[in-house]
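In: sequence and predicted structure, then a few things I'm wondering about:
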Amino acid sequence: MRRKILLSLLSGLVILIITWAYQSFNFSFFVEDSFFKKISFWKYQIYNSKPDRKADFVFLNTGKDVALADDTTEYGNVAISDREKIYQIIKIINNNAAKPLFTVLDIQFYYPYSINLQADSLLQAELKKNPRIVIPIIKGGNGKYIKPLYDAHYAFSGYETFGFGFNKFRIWDHGDIHSIPVTLHETLDTAIYKDHLLYTTCNGHLCLPAVWPSFYLLDKDVKENKTEITQSYNLGEMLILLEANPADYDTIFRDKIVVIGNFAEDVHSTPVGSMSGSVLLANIYLSLLNKEHFVSYLFLVILLIAFSALSYLAWFSKMPEVKFKFKFVFSPDVIKFIRGYLSYFGSMFLLSLLALFLFNMHLALFLPSFIFAGIEYFRQKKYLPKEEKPY
């Protein structure tokens, strides 16, 4: 009996480590995406969707202020944000004593502004003046950073996931340049992130390597100025407003986080619908601000106990069939698949609910159900015809 318990504990620990490693990657199962999409809906119905810790944002949309730039490839001209107007708003920010807390230019600067090349030089000079303005930098196919057109303060921009649209955000990308949300958290909230290869810490506290962020801000609400913590303007209209009423600057920008991006082109699919990249960044930052990436050590202990118990059943016994319906979460095809290994999957389903509603943690707990099912399948030789099985 002692051997069985030790093997079960060891198996539980190994599966917990595998699950943790899987959480670090951008990949997610379709069933996970469906689960978190549905659960997010019910979560927002039950709980107040407003964050406990808040930040005030000003969004400036460049979608109506674009120009064509020469593309050196065979694709012809490409549309980019109007650099002259971006230069004008950055100059206004730099020349006023009441500056924003931080300014994010959520725009990729990889093409020269061919209409007026002087605008690039002017914008470059303004970017160097203010250490609290960042522009995105991305990685190429070789994993190395591709330097933007401007020499400025950079923050990594790369939120690709290999599931249904955007789902998981990697806290740490194992690079020298931190992501935009992490940069905001470090600069504005004295957060200190450290990478320890297999795990990440924030202010010494263990963090999930990747999280499904909460969506406190919905795209439609932000655009229609229906939230308490955001203001949204078109960039060109803001410049006209400030030219006519310079005194409004202080009210609009003082102690705010300014995010300048293209609401029309930079759009992502999320569990709560389409969302512009700028609003997505704000939601990720709010999730970090509210410590949704912090790991509960109590829940890790609960997971280890649960994984060890399920390992014991998979190795030495048989999980009893549990009659439970998931119609309110999954489609009929997915339900049909689940019923083959309902008990393991159901256990992970309940653990996911426990993590989400009691510990506010979005964990990828569906992989262990496949591992437990696989152990039972081969250990009990379910692949053999019934007459050849050992029981």
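Out: Received it, and whenever you're ready, just let me know what you need.

In: any idea how far residue 371 is from the residue nearest to residue 352 when sequence neighbours are not counted?
Out: Distances taken as CB to CB, 6 or more residues apart in numbering put residue 365 closest to residue 352, at 4.9 Å, once the chain neighbours are dropped. Heads up, the C-betas are built off the backbone N, CA and C, glycines and all. From residue 365 across to residue 371, the span is 11 Å (CB to CB, to the nearest Å).

In: which one's more surrounded, those two?
Out: A direct count of neighbours by other CB atoms under 10 Å for residue 365 and residue 371 places residue 365 higher, at 26 against 19.

In: so that one sits against residue 356, correct?
Out: No - Residue 365 lies out of contact with residue 356 (CB atoms under 8 Å); the separation is 10.1 Å.

In: okay, strands next: where are they in the stretch 151-300 of the chain?
Out: Applying DSSP state E, counting those that start in this stretch to the stretch 151-300 of the chain gives strands spanning 153-156, 169-170, 193-195, 200-202, 205-207, 210-211, 230-234, 257-261, 267-270, 273-276.

In: mean pLDDT for these - can I get that in CSV?
Out: As requested, the strands of the stretch 151-300 of the chain are exported to CSV (pLDDT from 0 to 100):
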stretch, mean pLDDT
strand 153-156, 93
strand 169-170, 86
strand 193-195, 89
strand 200-202, 92
strand 205-207, 93
strand 210-211, 84
strand 230-234, 95
strand 257-261, 96
strand 267-270, 84
strand 273-276, 88
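
In: dump those into TSV; add distance to residue 244 and mean neighbour count as well.
Out: Formatted as TSV, the strands of the stretch 151-300 of the chain follow (distance: least, CB to CB, whole Å; neighbours: other CB atoms under 10 Å):
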stretch	distance to residue 244	mean neighbour count
strand 153-156	31	21
strand 169-170	39	23
strand 193-195	43	15
strand 200-202	44	20
strand 205-207	46	16
strand 210-211	43	24
strand 230-234	14	18
strand 257-261	20	24
strand 267-270	31	17
strand 273-276	27	18
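
In: please name whichever of the ones you listed is nearest to residue 98.
Out: Among the strands of the stretch 151-300 of the chain, the nearest to residue 98 by CB to CB is strand 257-261 (12.2 Å).

In: state the mean pLDDT of stretch 175-186.
Out: Mean per-residue pLDDT for stretch 175-186: 91.

In: neighbouring contacts of it?
Out: Defining contact as CB atoms under 8 Å, 6 or more residues apart in numbering, one finds that stretch 175-186 is touched by 102, 104, 106, 134, 136-137, 139, 145, 154-158, 169-173, 191-193, 202, 257, 281, 284-285, 287-289.

In: please narrow these to those residing in helices.
Out: Those of the contacts of stretch 175-186 mapping onto helices are 281, 284-285, 287-289, per DSSP state H.

In: still on that earlier bit, selection in ChimeraX covering whichever of the contacts of stretch 175-186 are buried, please.
Out: To isolate the buried subset of these in ChimeraX, counting by 16 or more other CB atoms under 10 Å, use the following:
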select :102,104,106,134,136,137,154,155,156,157,169,170,171,172,173,191,193,202,257,281,284,285,287,288,289
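
In: distance of residue 289 from residue 173?
Out: Applying CB to CB, the value for residue 289 to residue 173 is 19 Å.

In: so how far is residue 28 from residue 374?
Out: Look at residue 374 and residue 28: by CB to CB, they are 19 Å apart.

In: give me the more crowded residue out of the two.
Out: Between residue 374 and residue 28, counted using other CB under 10 Å, residue 28 has the larger neighbour count: 23 against 13.

In: what's the more buried one sitting at in phi/psi?
Out: Phi and psi for residue 28, reported as degrees, to the nearest 10, are phi -150, psi 150.

In: distance of it relative to residue 37?
Out: In terms of CB to CB, residue 28 sits 11 Å off from residue 37.

In: the longest helix anywhere in the chain packs against which elements?
Out: The single longest helix within the chain, with elements called by DSSP H, is helix 2-23. Counting contacts by 3 or more CB pairs under 8 Å, 6 or more residues apart in numbering; DSSP states H and E, helix 2-23 is packed against helix 297-316, helix 367-379.
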